[in-house]
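A.B. asks: Generate coordinates for the sequence data below:
(one chain, ligands or ions: 1)
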Amino acid sequence: MTKKHEHLRALKGVDLTVVRGEVLGLLGENGAGKSTLLSILGGWDTADSGTMMLAGEPYAPSNPDEALACGVGSIRQKFSVDPTLTVAQTIFRSTFHAQKSEQEQNERAAELLSEAGLKISPSSLMGDLVRAEQALIEVVRLVAEETQLVLMDEVAATFNDYEIFQFHEMTRRLVSEGRSVIYITHRLDEIRSLADRAVILEDGIISHEIVPGHMSAEDIAFKMFRREVSMHQQPSDFVEETPRLTIENLNGAQGFLKNVNFTLARGEVLGLTGLRRSGINEIASALVGVDETAEFGALRINGEDVTISSPEDAVSYGIGYLSDNDDELGLANERSIAKTLMDSAGITKDEGAGFLHEVSALREVAEQIRKLHIKTTNIQGEVGKLSGGDQQKVALARWISSDCDILILNHPTRGIDVSAKVEIYKMLKDLTAEGVSILLIGSDMSELMGLCNRIAVMKDGEIVAIQEHRDATEDTLMEAAIGDSII
Ligand SMILES: Nc1ncnc2c1ncn2[C@@H]1O[C@H](COP(=O)(O)OP(=O)(O)OP(=O)(O)O)[C@@H](O)[C@H]1O
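C.D. replies: Residues are numbered from 1 along each chain as shown. You can find the predicted model right below:
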């Protein structure tokens with residue numbers, strides 16, 4: 001199979017076989033062509049040349065509905081759900097059950113949900129579910145649609161360990177029933193525990209086929225990047241004690257956040273983690289002035305009381321926020337990569353030296369693109385045409401090069417390949433060495449352990465533990481996050 005996007009040869013002759021009852025991992029660095037390949041398999045795009053056979057029959061879907069009619073369904077990287085539909089309506093939306101009464105749909109959905117081991121009500125609104133639950137419902141939908149080949153593109157990028165466990169359980173059930181799954185992820189622990197087999201896509205060509213369960217993450221990374229990638233990170237030494245940000249008795253999110261207290265020191269990375277609906281995202285909304293119900297006993301920056309009523313206010317106080325929601329990344333799809341990276345207007349407090357001078361600014365942009373391995377042949381090209389992981393790098397790079405003293409980064413490395421992640425860890429450490437303070441909201445415990453000086457764990461809208469790096473392990477963090485809940 002071959003495919004060009006404009007002048008870029010995204011797929012240069014891919015040969016691939018998927019057998020019944022297997023999870024096939026699809027690995028490769030950002031921009032390698034993985035999403036392009038799945039888009040063609042799922043009928044979202046068409047190949048320039050090549051043929052596909054499905055169960056021995058020629059297969060060439062011209063749209064996703066045709067693919068679904070042939071038994072091929074996808075959950076895409078940026079899947080969206082209709083928040084106004086119920087769970088049952090979502091599950092049956094393209095099946096004959098959609099014509100049945102609400103009660104019948106709810107009953108049948110309850111059976112499917114129970115077979116999948118999910119405790120979600122069929123009448124819940126999709127908009128009330130968290131992202132991981134929405135993804136699980138999407139899988140149930142594919143089961144209801146009798147999909148035989150399921151394509152999953154980076155669906156679990158922001159899931160916590162428990163959500164990944166649940167998602168993998170469901171995926172294994174799909175294959176044990178004879179379906180096949182093609183699974184894209186950048187989390188090598190995920191691929192090692194889930195995939196029976198994996199292929200590595202390298203610059204539009206399949207370069208390796210591996211059995212990931214038999215290999216270490218380091219060995220897989222070596223095959224992917226043809227060099228060693230250091231997987232084990234340690235946070236920088238941190239000595240500064242002066243609080244830069246002080247939060248006292250924060251209540252918000254319509255009463256959900258309760259008496260939250262913490263400080264963030266100069267040069268510190270404070271992790272913030274928790275299971276679903278723990279309150280970690282709500283803290284970010286309160287801090288950047290989006291949550292109108294937020295009330296602070298005290299909110300101090302460098303010891304001074306401040307009031308923040310909007311993200312612009314936050315920036316004026318030197319607080320930058322990288323959301324984990326694609327729509328809130330602040331990227332305009334049609335803008336050029338260079339302009340997006342250069343124009344930190346509204347982000348930089350002081351549009352000083354480097355950024356005023358176009359030539360040195362462009363040089364800086366080129367350097368960022370090189371360091372982060374952003375795959376593009378044209379820095380004047382549109383941001384929206386970069387691969388998903390490369391767009392995330394651009395969004396993050398803008399904040400890294402801003403003048404903000406405090407960065408709130410929500411799942412900053414989601415969708416980014418392991419090699420570029422290591423570069424990003426270095427950049428974040430350099431920032432903290434310069435005195436920048438980082439509140440790192442995340443679900444990947446090993447990443448938090450590798451970067452954070454302290455990690456705060458939330459549960460039910462409260463901070464239930466703040467663990468020093470030297471005392472914390474992935475297990476102690478998970479125990480605090482779970483508490484006495486029965487999951
Ligand atoms: N619509 C488009 N127009 C132009 N170029 C595109 C378009 N879509 C993708 N590309 C380019 O094709 C290449 C492959 O992109 P693709 O999204 O398939 O990569 P990927 O392996 O899925 O990356 P990631 O891991 O970041 O999701 C990239 O260089 C990307 O910039």
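A.B. asks: Glu248 looks like it's in a strand, true?
C.D. replies: Yes. Under DSSP: H, G, I helix; E, B strand; the rest coil, Glu248 sits within a strand.
A.B. asks: Bridge partners for Leu26, pull those for me.
C.D. replies: Ile184, Val199 (DSSP bridges).
A.B. asks: What distance do you get for it to the ligand?
C.D. replies: 9 Å (CB to the nearest ligand atom, to the nearest Å). Any C-beta I mention is one placed from the backbone N, CA and C, and that applies to glycine too.
A.B. asks: pLDDT wise, what is that residue at?
C.D. replies: Looking at Leu26, its pLDDT reads 98.
A.B. asks: That one against Ala32, yeah?
C.D. replies: No. Assessed by CB atoms under 8 Å, Leu26 is found out of contact with Ala32, at 9.2 Å.
A.B. asks: Give me every residue in the stretch 1-150 of the chain lying close to the ligand.
C.D. replies: 5-6, 8, 10, 28, 30-36 (CB under 6 Å from any ligand atom).
A.B. asks: doesn't Arg207 fall inside a strand?
C.D. replies: Wrong residue type there; residue 207 is Ser, not Arg. Yes. Looking at Ser207 with three-state DSSP, it is inside a strand.
A.B. asks: circling back to that earlier point, of the residues of the stretch 1-150 of the chain next to the ligand, closest to Gly384?
C.D. replies: Nearest to Gly384 among those is His5, at 11.8 Å by CB to CB.
A.B. asks: where do the helices sit along the stretch 251-400 of the chain?
C.D. replies: In the stretch 251-400 of the chain, the helices defined using DSSP state H, counting those that start in this stretch lie at 280-287, 311-316, 337-342, 353-356, 358-371, 388-400.
A.B. asks: Among those helices, show the one with the smallest mean pLDDT.
C.D. replies: Looking at the helices of the stretch 251-400 of the chain, the bottom one is helix 353-356 with a mean of 51.
A.B. asks: that older thread, okay if I get the residues of the stretch 1-150 of the chain next to the ligand as CSV plus secondary structure and neighbour count?
C.D. replies: As requested, these are exported to CSV (DSSP: H, G, I helix; E, B strand; the rest coil; neighbours: other CB atoms under 10 Å):
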residue, secondary structure, neighbour count
His5, strand, 12
Glu6, coil, 10
Leu8, strand, 17
Ala10, strand, 26
Gly28, coil, 26
Asn30, coil, 23
Gly31, coil, 22
Ala32, coil, 26
Gly33, coil, 27
Lys34, helix, 28
Ser35, helix, 23
Thr36, helix, 23
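A.B. asks: Show the contacting residues for the closest residue to Leu125 other than its chain neighbours.
C.D. replies: Once flanking residues are discounted, Leu125 sits nearest to Thr86: 6.0 Å by CB to CB, 6 or more residues apart in numbering. Going by CB atoms under 8 Å, 6 or more residues apart in numbering, Thr86 touches 106, 122-126.
A.B. asks: and those residues, which of them are in helices?
C.D. replies: With DSSP state H as the criterion, helices contain Asn106 from among the contacts of Thr86.
A.B. asks: just the contacts of Thr86 now: which is nearest the ligand?
C.D. replies: Nearest to the ligand out of these is Met126 (CB to the nearest ligand atom; 24.4 Å).
A.B. asks: and the gap between the closest residue to Gln148 other than its chain neighbours and Arg179?
C.D. replies: Spatial nearest neighbour of Gln148, excluding adjacent residues (CB to CB, 6+ apart): Gly71 at 3.8 Å. The gap separating Gly71 from Arg179 is 9 Å, by CB to CB, to the nearest Å.
A.B. asks: now do Gly442
C.D. replies: For Gly442, the distance to Arg179 - CB to CB - is 31 Å.
A.B. asks: which one in the residues of the stretch 1-150 of the chain next to the ligand is the model shakiest on?
C.D. replies: At the low end of pLDDT for those is Glu6, which has 87.
A.B. asks: Need phi/psi at that one.
C.D. replies: Phi and psi for Glu6, reported as degrees, to the nearest 10, are phi 50, psi -120.
A.B. asks: which residues sit in contact with the residue of the stretch 301-450 of the chain found nearest the ligand?
C.D. replies: For the stretch 301-450 of the chain, the residue positioned closest to the ligand under CB to the nearest ligand atom is Gly389, at a distance of 2.8 Å. Going by CB under 8 Å, 6+ apart, Gly389 touches 30-31, 186, 415-417, 420.
A.B. asks: can these go into JSON lines with extra columns for distance to Gly255 and secondary structure?
C.D. replies: Shown next, in JSON lines, are the contacts of Gly389 (distance: CB to CB, whole Å; DSSP: H, G, I helix; E, B strand; the rest coil):
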{"residue": "Asn30", "distance to Gly255": "41", "secondary structure": "coil"}
{"residue": "Gly31", "distance to Gly255": "44", "secondary structure": "coil"}
{"residue": "His186", "distance to Gly255": "37", "secondary structure": "coil"}
{"residue": "Gly415", "distance to Gly255": "33", "secondary structure": "coil"}
{"residue": "Ile416", "distance to Gly255": "35", "secondary structure": "coil"}
{"residue": "Asp417", "distance to Gly255": "40", "secondary structure": "coil"}
{"residue": "Ala420", "distance to Gly255": "40", "secondary structure": "helix"}
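A.B. asks: Pick the one among those closest to Lys371.
C.D. replies: Closest approach between those and Lys371, by CB to CB: Ala420, at 8.6 Å.
A.B. asks: Give me the neighbour count for the closest one.
C.D. replies: Using other CB atoms under 10 Å, Ala420 is surrounded by 24 other residues.
A.B. asks: Look up how far Asp161 lies from it.
C.D. replies: In terms of CB to CB, Ala420 sits 22 Å off from Asp161.
A.B. asks: need the contact list for the nearest residue to Gly213 once chain neighbours are set aside.
C.D. replies: Computed as CB to CB, 6+ apart, the closest residue to Gly213 that is not its neighbour in sequence is Arg192, at 5.8 Å. Listed by CB under 8 Å, 6+ apart, the contact partners of Arg192 are 212-213, 215, 217, 220.
A.B. asks: So which of those residues belong to helices?
C.D. replies: Restricting these to those inside helices, with DSSP H as the criterion, leaves 217, 220.
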